[in-house]
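Student: Take this sequence and fold it.
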Amino acid sequence: MARKVSPYVEKYLKALQDRGEIHVSDPSAAAKFIVGGQALIINDQSLPLEERFAAVQQLIRKVLN
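Tutor: Numbers count the residues shown, from 1 in each chain. As a prediction, this is how the structure comes out:
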């Protein structure tokens, strides 16, 4: 799934970068992280769902800024 979704996320990140809304040195790597890197957090059943989503959102914001 990640291989199919990553190109769309990368294209979106490039559009955001072109508009000056984000600054990333490698949109491809950022897209791959956003799509696949969060899986371990999302699947961590030791944390409540809301905490998992909050953690993922915080990390994605850090990656994009």
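
Student: CA atoms for contacts and neighbours, from now on please.
Tutor: Noted.

Student: what kind of secondary structure is the residue lying farthest from the centre of the chain in?
Tutor: For the chain, the residue at maximal distance from the C-alpha centroid (CA atoms, centre = their mean) is residue 46, at 21.6 Å. Under DSSP: H, G, I helix; E, B strand; the rest coil, residue 46 falls in the coil class.

Student: and residue 35, how far is that from residue 29?
Tutor: Look at residue 35 and residue 29: by CA to CA, to the nearest Å, they are 10 Å apart.

Student: if you count what's nearby, which of those two comes out ahead?
Tutor: Set side by side, residue 35 and residue 29 show more neighbours around residue 35, with 18 against 13, by other CA atoms under 10 Å.

Student: Quick one: residues contacting the more buried one.
Tutor: Residue 35 is in contact with 2, 5, 6, 9, counting by CA atoms under 8 Å, 6 or more residues apart in numbering.

Student: tell me the centre residue of the chain?
Tutor: Centroid-nearest residue in the chain, with CA atoms, centre = their mean: residue 34, separated by 2.2 Å.

Student: What count of nearby residues applies to the residue lying closest to it once chain neighbours are set aside?
Tutor: Leaving aside its sequence neighbours, residue 34 sits nearest to residue 60 (CA to CA, 6 or more residues apart in numbering; 6.5 Å). When counting by other CA under 10 Å, one arrives at 17 neighbours for residue 60.

Student: Quick one: classify the residue nearest to the centre of the chain as helix, strand or coil.
Tutor: Secondary structure of residue 34, per three-state DSSP, is helix.

Student: Now do it, the pLDDT please.
Tutor: On pLDDT, residue 34 comes in at 88.

Student: rewinding a little: the residue nearest to residue 34: which element?
Tutor: Residue 60 is located in helix 49-64, with elements delineated by DSSP states H and E.

Student: Now that helix: buried residues?
Tutor: Within helix 49-64, the residues that qualify as buried are 52, 56, 60, 64, counting by 16 or more other CA atoms under 10 Å.

Student: Same check on stretch 3-18?
Tutor: Under the neighbour-count criterion of 16+ other CA under 10 Å, stretch 3-18 has 6, 7, 9, 10, 13, 14, 17 buried.
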